[in-house]
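Novice: Sharing a model that was predicted from the sequence below.
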Amino acid sequence: MASQNETGHRTFTAGAALEPWRRVKLGSDGETVVYADADDKGIGVTQGPAFKAGDSVPVRLFTAPGTHKIESSGVIADAARAFAASDGMIAATGSVSCGRINGAAQANSINEVYHQAA
């Protein structure tokens, strides 16, 4: 029987070591999560670390209400559009939009993102 998530948070099994505040996607097995790269939309953002493959990792799904914290790979101007970057981060340029950033971002800073805001 199918399950339904109404909290916007879910614990997954990590397919590799994962840092907190990074975008993730389902792994090729459909069961684990791995970093979403620059050409991936992803399913959510890690809320804590996974030290190795097989560890449990909490994920805030992109369907959850409110904003998301995501680590940036470089400088992004306040209120600018944020784009998917490698290793689950966000960047100032790219082809996959992740929303708009609240406050200017520096490299490797944790930033509030209005997910998919125009």
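Specialist: Great, that's in hand.

Novice: pLDDT weak spots in this protein?
Specialist: Low-confidence regions of the chain, defined by pLDDT under 70, span residues 116-118.

Novice: Neighbours of the closest residue to residue 67 other than its chain neighbours, how many?
Specialist: With Cβ to Cβ, 6 or more residues apart in numbering as the measure, residue 112 is the residue that lies nearest to residue 67, at 5.0 Å, once sequence neighbours are left out. For the C-beta atoms, the positions are set from N, CA and C on the backbone; glycine is no exception. Per other Cβ atoms under 10 Å, the neighbour tally for residue 112 reads 15.

Novice: spatially speaking, which residue is in the middle of the chain?
Specialist: Within the chain, one residue has its C-alpha closest to the average C-alpha position: by Cα atoms, centre = their mean, that is residue 23, at 1.9 Å.

Novice: mind listing the strands in the protein by residue range?
Specialist: 9-14, 23-26, 32-35, 44-46, 56-61, 68-71, 81-84, 90-91, 97-102, 110-115 (DSSP state E).
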